[in-house]
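Below are the sequence and a predicted model; questions follow.
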Amino acid sequence: MATIPDAAPADGTTGAETLSRVIAVANDKGGVGKTSITANLSALYATAGYRVLALDLNRQANLSDDLGYRGSPVDDQGAGLLATLLAGQPVRPVPVPGRPGLDVVPGGVALGDLTGVMVGRVQQRGRQAFRALAVSLAPVAAGYDVVIIDTPPENTLLVDLALGAARWLIMPTKTDGGGLVGMQLLAERYIIAREINPDLELLGVVLFGTTRGATAIHRSVRDQVERAFGTGTSPMLTAMIGHSERIAVESRALGRVAHELESDAASQPAWWEALRAGDRTARRIPPTAANVAEDYRKLAAEVLDRLAAAESVETGNAEEVRGE
């Protein structure tokens, strides 16, 4: 693993090769699973022994709820991220308490000021202003196996910051009209973002909160994805996250991701044992946690497989250019 430099490149470049494992999770629509996917993939990869950085661009900072660090000493509500972007300095990751291998750059209310800053910078510098996050992230990203950026809904300026820094885009969507409209709007921003970040590619679209057996609906969504991005250029991921509102609520309330809730459910006493013991108020994790946890494991594996396949192709192309 490469060491982490102390400062941004002196020439203001982004060190694109160090951003090769940076993934933005984005959709213009809220409530389609961006934060849940960021939290679960980050936690799963860290549990598997990878060195992971999660970066939160969301003013609501829901990632801090899902990963359980809201109100902890590391939760600066986005003040550190705002300061580093204003100064053009490297971001300052902090370890997530109780999660070895997982660091975070927290989001929060301080990012409310970032939108106004970006308006001014775009007026002064044009679209190159959206490379600011790439410049701040590049010196740090080499120290991680994967970097995942959680983006806010309906804030195109901050989404464009993420797209300007990312090598890959994962786009979650629901099968309803709102999620698909958000996907189409982001498809337009994706095309524009590649003008300043030509390395950006769509890793895939993932269905979130869907009914697993709704094959006709899934086929319809696939057709809409292809119309938005072009046939053959925007494969939907085969893994999908099934609907379970209860697990989503429990995850955010307890600061536990799906595979941790699965473990909690397996170790809790049977309901009748709790009733016999007179404990009628204990919070119980539903057994459906296992289904959702398995969905996230499949998604995590597929994302790594696609990254490995893309990197293999890039390595082969580079060797061909060198004549090896």
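In hand now; what should we look at?

which residue ranges form the helices in the protein?
With DSSP state H, the ranges of helices along the chain come out as 34-47, 62-66, 79-87, 112-125, 132-141, 156-165, 177-193, 215-229, 245-254, 258-267, 271-276, 289-322.

So M118 versus L53, what's the distance?
Per CB to CB, to the nearest Å, M118 is found 22 Å from L53. (C-beta placed from N, C-alpha, C; glycine too.)

ok, these two, which is more surrounded?
Set M118 next to L53 and count neighbours by other CB atoms under 10 Å: L53 wins out with 24 against 20.

Export the helices of the chain as TSV, with columns for distance to P73 and mean pLDDT.
As requested, the helices of the chain are arranged in TSV below (distance: least, CB to CB, whole Å; pLDDT from 0 to 100):
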stretch	distance to P73	mean pLDDT
helix 34-47	19	97
helix 62-66	12	96
helix 79-87	12	96
helix 112-125	22	92
helix 132-141	20	96
helix 156-165	25	95
helix 177-193	35	82
helix 215-229	42	78
helix 245-254	20	90
helix 258-267	22	92
helix 271-276	34	59
helix 289-322	28	85
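
A228 touches G182, doesn't it?
No. Between A228 and G182 no contact is recorded; they are 10.7 Å apart, counting by CB atoms under 8 Å.

biggest strand in the protein by residues?
strand 201-210 (DSSP state E).

Kindly export that strand (C-alpha atoms) in CSV.
Output in CSV follows, covering the C-alpha atoms of strand 201-210 (Å, rounded to 0.1, in the frame of the first residue of the first chain):
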residue,chain,number,x,y,z
GLU,A,201,-17.0,5.8,-16.1
LEU,A,202,-20.3,4.3,-15.1
LEU,A,203,-19.6,1.1,-13.1
GLY,A,204,-23.3,0.3,-13.1
VAL,A,205,-26.8,1.0,-12.0
VAL,A,206,-28.2,-0.9,-9.0
LEU,A,207,-31.9,-1.4,-8.1
PHE,A,208,-32.6,-0.4,-4.5
GLY,A,209,-35.6,-1.3,-2.4
THR,A,210,-37.1,-3.4,-5.1
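
returning to what we had before: which of A228 and G182 has more residues huddled nearby?
Higher neighbour count among A228 and G182: G182, with 23 against 19, using other CB under 10 Å.

who touches that one in this structure?
Residues near G182 by CB atoms under 8 Å, 6 or more residues apart in numbering: N27, D28, K29, V32, P153, T173.

And for I149?
I149 is in contact with V22, I23, A24, V25, T38, A54, L55, L57, A162, A165, A166, counting by CB under 8 Å, 6+ apart.

Check those residues and tell me the two furthest apart.
Using CB to CB, the contacts of I149 reach their maximum pairwise distance at T38 and A165, which is 14.6 Å.

how close does P100 get to R51?
Taking CB to CB, one finds P100 at 10 Å from R51.

In terms of neighbours, single out the busier of those two.
Between P100 and R51, counted using other CB under 10 Å, the more crowded position is R51 (16 against 10).

Touching, the more buried one and A142? I think so.
No. If you go by CB under 8 Å, R51 and A142 don't touch, sitting 10.5 Å apart.

what's near enough to touch G68?
Going by CB under 8 Å, 6+ apart, G68 touches V96, P97, G98, L254, G255, R256.

With L67 as the reference, measure out to the third one.
Going back to what we said before, that points to G98. For G98 relative to L67 (CB to CB), the value is 9 Å.

So which of these two has more stuff around it?
The residue with more neighbours, out of G98 and L67, is L67; 29 against 11, by other CB under 10 Å.

list the buried ones in stretch 249-259?
Within stretch 249-259, the residues that count as buried by 16 or more other CB atoms under 10 Å are E250, S251, R252, L254, G255, R256, V257, A258, H259.
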